[in-house]
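# Predicted structure and sequence below. I'll ask about it afterward.
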Amino acid sequence: MNARRLTFIVLLFSWIGDIRAECAGPLILEDSFAYNGTVFVGRAIAQEIVSRTGARDGTWATETTFEVEELWKGQTNTTLRVQNCGWHDGNEAMTCSEDFTFVVGFRYVVFAAGDPLQTNSCGPTALVDRAAKTLQWLFDKPRKSPVK
């Protein structure tokens, strides 16, 4: 295993373990696709602040619900929920430097892993409008059909 791939895998596991780290090295789409159990394009349709599963008590996250438009990996649901560290309740906010922030109404390509699904900004998750290279790479991959 080359050093770049090893660095990427270590970073992903440290993120899942709730250990904060900066993103390491260039993004390798093949590794992200292999690691993440869920890959889709969807529109963010709702958000709520939830207790972060698997983290210490009192740790909160933002859970975004997506309407799935295209699906490459993961559960074949028409909606999927993805958690990320950080939240804003109108009065207070907490941000995490390595986490991606979703905005309701926008379309995203999402790479997520875990149960519950989680993502961060170290992977290729991005606004569809800024993900041309990723979408081009995904174009030839087999798709799954979301089940209603």
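Now that the structure is in, tell me what you want to look at.
# bridging residues for the closest residue to Lys144 other than its chain neighbours?
Once flanking residues are discounted, Lys144 sits nearest to Leu71: 4.6 Å by CB to CB, 6 or more residues apart in numbering. From N, CA and C alone the C-beta is placed, and that goes for glycine too. Beta bridges link Leu71 to Phe40, Lys144 when assigned by DSSP bridges.
# how much space between Leu71 and Leu29?
17 Å (CB to CB, to the nearest Å).
# again, but for Arg81
24 Å.
# centroid residue for this protein?
Thr119 (2.6 Å; CA atoms, centre = their mean).
# That residue contacts Val109, doesn't it?
No. Counting by CB atoms under 8 Å, Thr119 does not reach Val109; the two are 10.5 Å apart.
# Pull up the overlap in contacts between those two.
Here Thr119 and Val109 share the contacting residues Thr125, scored by CB atoms under 8 Å, 6 or more residues apart in numbering.
# so where's this structure shaky on pLDDT?
For the chain, the stretches with pLDDT under 70 are 1-22, 52-58, 88, 93-95, 97-99, 148.
# Quick one: the helices in it, in order.
Assigned by DSSP state H, the chain shows helices spanning 3-16, 29-35, 132-138.
# Next, the buried residues of the last one.
Put plainly, it is helix 132-138. Of the residues in helix 132-138, those buried by neighbour count under the rule 16 or more other CB atoms under 10 Å are 134, 138.
# CA atoms of that helix as PDB?
In PDB, the C-alpha atoms belonging to helix 132-138 read as follows (Å, rounded to 0.1, in the frame of the first residue of the first chain):
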ATOM      1  CA  ALA A 132     -17.500  18.200 -12.200                       C
ATOM      2  CA  LYS A 133     -14.400  16.000 -11.900                       C
ATOM      3  CA  THR A 134     -16.000  13.700  -9.300                       C
ATOM      4  CA  LEU A 135     -19.200  13.400 -11.400                       C
ATOM      5  CA  GLN A 136     -17.200  12.700 -14.500                       C
ATOM      6  CA  TRP A 137     -15.300  10.000 -12.600                       C
ATOM      7  CA  LEU A 138     -18.600   8.500 -11.300                       C
END
